[in-house]
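In: pasting the structure only:
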């Protein structure tokens, strides 16, 4: 019944056709280019974490460019996360009784907007964070099976390889060691070794492929921006998050009147409080903030929500709260199809892929965009590594340096796009610096679009 409710809320909007988003197109370009045999970071300039890039590569190999495949995969991952979290909570007797309220709340809040339908690196990494939980909390209950700590650290390492700031969940794991382990220092070292293991394997691979410097620059250093750029206006973001924020607040208040519980249950509550704080810190590290960023807070909401809906409140009040939550989720999610967008104003237009009439004239070709507009790639392939324009400044922003010009020549020698969209106005300078490469491009009838002469 729980799964049916989740699918009934989620699937209709997916099959109705959510407009294409810029971030999803970027992930598809990463997966497509990797499937064509190009290496991440060396041949694809982007900050997408390696494990997430591997997921996008896998989807491209199986289904090609398909928004539906990406969104169905995201639906499966969210359902898997909810089930695994609920199983962990029940198996370890975190509450006084067993139930499915945490999974219900997880899936319900996780259907709030179409942003949770997007297969983001944060959603992929959140899966591994949840999988690490049972290995962190069972240390004292498993006797000498401290190898579980290694597995817990390994899972956090995989989460970081999906989205680097999730490495901060090492703090949650360390707090779990303090609460549950008998030999704290040794246990923490085991967990740290588990975390470092996938990175050690990956760095070894990148050293052999001469890609380690690119990996360090684009994966290890770039995600720590601490410059929040809201993709949704703050007032609209607050409106969209009013329901989950209200639920979390009421749930936290309900924990103050809990009856006497087992020591393990009290320690677990402390662990989830730290989880909530670390989740908020992860949000601060993001360069762009929207409703979908808050997928990281779903586990604490689901955990604390159990206390609200099993509290001593009158049943009719709890039922009313649930139906308000359910109605609010449906209202926000389906505000466009129901014609209620003028009343429920949440402007998420910055997330969508802008329609570009000029881009429609170029189809089935190899393209390079000198700028931030990805819409030209919607029906075309990326040529050369310059996907992320900010990272591309390592060459295009240093045209007065010999090394940058030489690197440009090397990349264009290997690949030559049929079209160049010069939104940055660099073509005159490029033709002057590298005539052997760029003199062959002539302007088309569309402004700032150049085509290679045949």
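Out: Nice, thanks for sending it over. Since the structure is predicted, the reported quantities are computational estimates derived from the model, not experimental observations.
In: what's the neighbour count on the spatially closest residue to residue 417 that is not a sequence neighbour?
Out: Leaving aside its sequence neighbours, residue 417 sits nearest to residue 383 (Cβ to Cβ, 6 or more residues apart in numbering; 3.6 Å). Where C-beta positions appear, they are placed from N, C-alpha and C, glycine not excepted. Residue 383: 20 surrounding residues under other Cβ atoms under 10 Å.
In: what is the mean pLDDT for stretch 213-222?
Out: Stretch 213-222 carries an average pLDDT of 86.
In: And the strands in the stretch 151-300 of the chain, which stretches?
Out: Under the criterion DSSP state E, counting those that start in this stretch, the stretch 151-300 of the chain contains strands at 229-230, 288-289.
In: got the contact list for stretch 21-35?
Out: Contact with stretch 21-35 is made by 40, 43-44, 46, 48, 52-61, 64-65, 67, 70, 118-120, 351-354, 374-375, 377-378, 381-382, 387, as judged by Cβ atoms under 8 Å, 6 or more residues apart in numbering.
In: State the helix or strand in which residue 102 lies.
Out: helix 101-109 (DSSP states H and E).
In: any idea which residue sits dead centre in the chain?
Out: The centre of the chain sits closest to residue 122, judged by Cα atoms, centre = their mean, with a distance of 2.5 Å.
In: give the contact list for the closest residue in space to that residue that isn't next to it in sequence.
Out: Spatial nearest neighbour of residue 122, chain neighbours left out: residue 163 (5.0 Å); criterion: Cβ to Cβ, 6+ apart. Neighbouring residues of residue 163 by Cβ under 8 Å, 6+ apart: 49, 52, 120, 121, 122, 124, 125, 223.
In: Could you list the low-pLDDT ranges of the stretch 351-454 of the chain?
Out: For the stretch 351-454 of the chain, the stretches with pLDDT under 70 are 356-360, 454.
In: ranges for the helices of it?
Out: 357-360, 389-396, 402-414, 427-433, 435-438 (DSSP state H, counting those that start in this stretch).
In: okay, those helices, which one's buried deepest?
Out: helix 389-396 (a mean of 18; mean count of other Cβ atoms under 10 Å).
In: any idea of the angle that one forms with helix 402-414?
Out: Here the directions of helix 389-396 and helix 402-414 differ by 110 degrees (axes from the mean of the first three to the mean of the last three Cα atoms, to 10 degrees).
In: which outside residues touch helix 389-396?
Out: Against helix 389-396 from outside (Cβ under 8 Å, 6+ apart): 45-47, 218, 222, 369-372, 386, 404-405, 407-408, 411, 424, 426.
In: Buried ones among the residues you listed?
Out: Among these, those classed as buried by 16 or more other Cβ atoms under 10 Å are 45-47, 218, 222, 369-371, 386, 404-405, 408, 411, 424, 426.
In: from these, which is closest to residue 240?
Out: Nearest to residue 240 among those: residue 47, at 25.5 Å, using Cβ to Cβ.
In: The closest one touches residue 220, doesn't it?
Out: No: using Cβ atoms under 8 Å as the test, residue 47 is too far from residue 220 to be in contact (10.1 Å).
In: sorry, back to before: quickly note the distance from the residue nearest to residue 122 to residue 342.
Out: To residue 342, residue 163 is 35 Å away according to Cβ to Cβ, to the nearest Å.
In: most neighbours per residue, which of the strands of the stretch 151-300 of the chain?
Out: Scoring these by mean count of other Cβ under 10 Å, the most buried comes out as strand 288-289, with a mean of 16.
In: just for the stretch 1-150 of the chain, where's the confidence low?
Out: In the stretch 1-150 of the chain (pLDDT under 70), the answer is 138-146.
In: And for residue 201, the neighbour number?
Out: Counted with other Cβ under 10 Å, residue 201 comes out at 12.
In: any idea how far it lies from residue 340?
Out: Residue 201 is 50 Å from residue 340, by Cβ to Cβ.
In: gap between the two ends of stretch 334-353?
Out: 20 Å (Cα to Cα, to the nearest Å).
In: between the strands of the stretch 151-300 of the chain, which gets nearest to residue 363?
Out: Across these, closest to residue 363 is strand 288-289 (Cβ to Cβ), at 29.0 Å.
In: Which residues does that closest one contact?
Out: Contacts for strand 288-289 (Cβ under 8 Å, 6+ apart): 228, 229, 230, 231, 232, 237, 283.
In: quick revisit: pLDDT wise, what is the residue nearest to residue 122 at?
Out: pLDDT, read off for residue 163, is 94.
In: try residue 182
Out: At residue 182, pLDDT is 66.
In: Same check on residue 345?
Out: For residue 345, pLDDT reads 80.
In: so where does it fall, helix or strand?
Out: Applying DSSP H and E, one finds residue 345 in no helix or strand.
In: Identify the residues contacting it.
Out: Residue 345 sits in contact with 236, 239, where contact means Cβ under 8 Å, 6+ apart.
In: now do residue 50
Out: Residue 50 touches 40, 161, 202, 215, 219, counting by Cβ under 8 Å, 6+ apart.
In: Which of those residues fall in helices?
Out: Those of the contacts of residue 50 mapping onto helices are 161, 202, 215, per DSSP state H.
In: For the stretch 51-200 of the chain, just list every one of the helices.
Out: 67-91, 101-109, 121-137, 147-162, 170-180, 184-208.
In: on that earlier part again, of the contacts of stretch 21-35, just the buried ones, PyMOL syntax please.
Out: Selecting only the buried entries of the contacts of stretch 21-35 in PyMOL, with 16+ other Cβ under 10 Å as the criterion:
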select buried, resi 40+43+44+46+48+52+53+54+55+56+57+59+60+65+67+70+118+119+120+351+353+374+375+377+378+381+382+387
